[in-house]
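Colleague: please find the sequence and the predicted model below.
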Amino acid sequence: MHTNVERELPTQEAAELLGLVRRIAREQLAPAASRYEADGVFPRDIFRTLGDVGLLGLPYPAEFGGAEQPFTVYLQVIEELASAWLSVALGVSVHTLSAHALANFGSTEQRQRFLPAMIGGELLGAYCLSEPGSGSDAAALVTRADRNGDSYRLSGTKAWITHGGVADFYTVMARTGEHRTKGISCFLVPVDTAGLSAGPPENKMGMRGSTTAQVLLDDAVVDAERLIGDEGDGFTIAMAALDAGRLGISACAVGLAQAAYDEAVAYAQTRRQFGHAIADFQGISFMIADMATSIEAARSLYLTAARRKDAGLGYSTHAAMAKLFATDMCMSVTTDAVQILGGAGYVQDFPAERYFREAKVLQIVEGTNQVQRLVIGRNAISPT
Ligand SMILES: Cc1cc2nc3c(=O)[nH]c(=O)nc-3n(C[C@H](O)[C@H](O)[C@H](O)COP(=O)(O)OP(=O)(O)OC[C@H]3O[C@@H](n4cnc5c(N)ncnc54)[C@H](O)[C@@H]3O)c2cc1C
């Protein structure tokens with residue numbers, strides 16, 4: 001059972017878009033999710049379908065082939081997808097993140113040349129910041145990019161890369177200088193670059209349908225025209241992309257929590273103990289009330305951050321708050337869903353077990369929730 005969440009949408013076009021997404025989510029994603037997740041298969045075919053209907057370039061300008069939708073609309077699309085299949089929603093969010101650098105910091109010529117293909121639906125992107133030795137401390141990255149005439153030679157290992165080995169382009173942060181942050185630059189690396197390869201997929205607890213792998217750069221030669229921004233802009237570019245990406249993760253968390261909640265409510269209405277539906281017991285209905293309230297609060301928080309972004313206001317703190325709150329909420333709601341299903345929640349006959357495993361990763365990716373607190377605390381103590 002899926003609740004039709006009543007959406008706040010600014011235009012008829014957006015309402016139609018959400019209707020289309022809901023149909024694809026219900027008819028194509030939800031029925032396939034459990035099987036692909038159990039088999040650990042990356043659903044490239046599903047991303048082609050989403051690309052064909054324009055879902056891989058939603059917030060980007062129409063002149064480059066995007067759908068030019070406000071972030072409030074784009075995020076509600078991500079939420080709908082996540083309520084059917086988290087790996088796909090997170091994949092769309094990461095793809096969108098991987099195009100952020102070029103769309104926002106590339107020259108007009110670079111955008112005209114590269115962006116239409118990246119957001120047009122055919123190609124899939126990856127965002128490469130983390131390394132084996134630099135996770136939360138992203139500025140400690142050591143992958144090198146050494147200039148040699150009209151090109152750069154990239155060497156190093158990027159870790160935990162969503163779509164590693166299945167992406168068509170890689171947005172890579174690499175070191176061009178020694179300064180911790182100002183020594184980092186951003187490159188757009190196509191998949192057919194000699195010297196670029198991927199390690200084996202990570203054997204993950206959940207989201208096994210989303211491929212995560214190391215990306216290995218072994219003297220990979222990249223044209224200088226694929227440097228985004230100036231040398232040294234990479235850290236700023238990476239952090240700006242993450243602010244937007246964190247809102248995508250927030251929407252993923254709300255969608256996943258909504259799915260777990262819907263399942264728990266349906267189960268509580270049909271499962272009988274002591275001569276009653278378990279939903280009749282206050283101990284269960286109070287849990288359901290708390291789940292409903294926290295999902296709605298998280299939805300409001302990501303929409304507030306998105307409205308600020310759409311209005312051109314600063315939203316970094318709000319994005320961190322939304323990511324922190326929504327993903328902690330999702331862990332709590334999916335845990336409660338397992339509890340409401342009792343023993344049935346602990347086996348794979350129902351998706352509650354999978355939702356619970358999937359929720360955990362959202363507290364880790366795109367800055368752990370400790371890092372979100374660092375961002376919020378820093379901005380609270382010394383506002384910029
Ligand atoms: C499934 C998956 C997909 C991912 N996809 C991508 C991707 O596409 N691209 C990409 O670049 N990265 C990706 N990542 C990497 C992810 O962003 C990192 O895992 C994350 O930033 C944490 O880094 P780490 O794993 O090295 O943990 P660490 O940084 O080693 O942290 C370990 C623990 O210490 C805590 N900690 C660290 N520093 C502090 C501090 N100062 N104060 C308090 N606590 C602290 C952390 O919160 C955490 O609990 C992905 C990870 C996973 C699991």
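Modeller: Nice, thanks for sending it over. Here the structure is a predicted model, which means the values were calculated and not measured.

Colleague: who touches the closest residue to the ligand within the stretch 101-250 of the chain in this structure?
Modeller: Distances between the stretch 101-250 of the chain and the ligand by Cβ to the nearest ligand atom are smallest at Gly135, namely 1.8 Å. All C-beta atoms are positioned from the backbone trio N, CA, C, and that covers glycine. By Cβ atoms under 8 Å, 6 or more residues apart in numbering, the contact set of Gly135 is 159-160, 368.

Colleague: pLDDT score assigned to it?
Modeller: pLDDT recorded at Gly135 is 98.

Colleague: element containing the nearest residue to Arg354 once chain neighbours are set aside, please.
Modeller: Ranked by Cβ to Cβ, 6 or more residues apart in numbering and with sequence neighbours excluded, the top spatial neighbour of Arg354 is Glu37, at 6.1 Å. Glu37 is part of helix 30-39 when elements are defined by DSSP states H and E.

Colleague: go on, Tyr302?
Modeller: Assigned by DSSP H and E, Tyr302 belongs to helix 282-310.

Colleague: counting by contacts, list what that helix packs against.
Modeller: helix 71-84, helix 234-270, helix 316-341 (3 or more Cβ pairs under 8 Å, 6 or more residues apart in numbering; DSSP states H and E).

Colleague: so which of those comes closest to the ligand?
Modeller: helix 234-270 (8.5 Å).

Colleague: helix or strand next in line after that closest one, which one?
Modeller: strand 272-273.

Colleague: and the contacts of stretch 185-194?
Modeller: Residues outside stretch 185-194 that contact it (Cβ under 8 Å, 6+ apart): 101-102, 105, 110, 114, 145, 152, 154, 167-176, 196, 217, 220-222, 226-234, 237-238.

Colleague: the ligand next: which of those residues are close?
Modeller: Among those, no residue lies close to the ligand (Cβ under 6 Å from any ligand atom).

Colleague: OK, contacts around the closest residue to His100 other than its chain neighbours?
Modeller: Nearest residue to His100 in three dimensions, chain neighbours excluded: Ala241, at 4.0 Å (Cβ to Cβ, 6+ apart). Going by Cβ under 8 Å, 6+ apart, Ala241 touches 97, 100-101, 104, 127, 171.

Colleague: same thing but 6 Å
Modeller: Neighbouring residues of Ala241 by Cβ atoms under 6 Å, 6 or more residues apart in numbering: 97, 100-101.

Colleague: out of those residues, flag the one nearest to Phe274.
Modeller: Taking Cβ to Cβ as the measure, Phe274 sits nearest to Leu97 out of the contacts of Ala241, at 49.1 Å.

Colleague: which residues touch the host helix or strand of the closest one?
Modeller: Using DSSP H and E, the element containing Leu97 is helix 86-105. Residues outside helix 86-105 that contact it (Cβ under 6 Å, 6+ apart) are 29, 46, 56, 60, 78, 81-82, 114-115, 118-119, 124-127, 162, 171, 186, 188, 207, 209-210, 228-229, 237, 241, 244-245, 248, 252, 256, 358.

Colleague: related to what we said a few turns ago, what about the helix holding Glu37, near the ligand?
Modeller: No. Using Cβ under 6 Å from any ligand atom, helix 30-39 stays clear of the ligand, with a minimum separation of 13.3 Å.

Colleague: centre of the chain to that helix, how far?
Modeller: Its chain's average C-alpha position is 19 Å from that of helix 30-39, according to Cα atoms, centre = their mean, to the nearest Å.

Colleague: could you check that helix and say which residues are buried?
Modeller: By neighbour count with 16 or more other Cβ atoms under 10 Å, helix 30-39 contains the buried residues 30, 32-33, 36-37.

Colleague: give the rounded mean pLDDT of it.
Modeller: 96.

Colleague: between helix 71-84 and it, find me the angle.
Modeller: Relative orientation of helix 30-39 and helix 71-84, computed by axes from the mean of the first three to the mean of the last three Cα atoms, to 10 degrees: 70 degrees.

Colleague: output helix 30-39 as CSV, nothing but the C-alphas.
Modeller: The C-alpha trace of helix 30-39 is given here as CSV (Å, rounded to 0.1, in the frame of the first residue of the first chain):
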residue,chain,number,x,y,z
ALA,A,30,8.3,-1.0,-6.9
PRO,A,31,7.6,-4.4,-8.6
ALA,A,32,11.3,-4.8,-9.6
ALA,A,33,13.1,-3.5,-6.5
SER,A,34,13.2,-6.6,-4.2
ARG,A,35,14.4,-8.8,-7.0
TYR,A,36,17.2,-6.5,-8.2
GLU,A,37,18.2,-5.8,-4.6
ALA,A,38,18.3,-9.5,-3.7
ASP,A,39,20.4,-10.3,-6.8
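
Colleague: if we can go back for a sec, look up phi and psi at the residue of the stretch 101-250 of the chain closest to the ligand.
Modeller: Main-chain dihedrals, Gly135, degrees, to the nearest 10: phi -110, psi -90.

Colleague: which pLDDT value goes with Thr384?
Modeller: pLDDT for Thr384: 68.

Colleague: what parts of the stretch 101-250 of the chain come near the ligand?
Modeller: 127-130, 135-136, 160-162, 204, 212.

Colleague: for the stretch 51-200 of the chain, just list every one of the strands.
Modeller: 125-128, 144-148, 151-162, 169-175, 184-190, 196-198 (DSSP state E, counting those that start in this stretch).

Colleague: next, format those strands as TSV and append mean pLDDT.
Modeller: Formatted as TSV, the strands of the stretch 51-200 of the chain follow (pLDDT from 0 to 100):
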stretch	mean pLDDT
strand 125-128	98
strand 144-148	97
strand 151-162	98
strand 169-175	98
strand 184-190	98
strand 196-198	98
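
Colleague: is Gly40 in contact with Arg208, as I believe?
Modeller: Yes. Counting by Cβ atoms under 6 Å, Arg208 is a contact partner of Gly40 at 4.1 Å.
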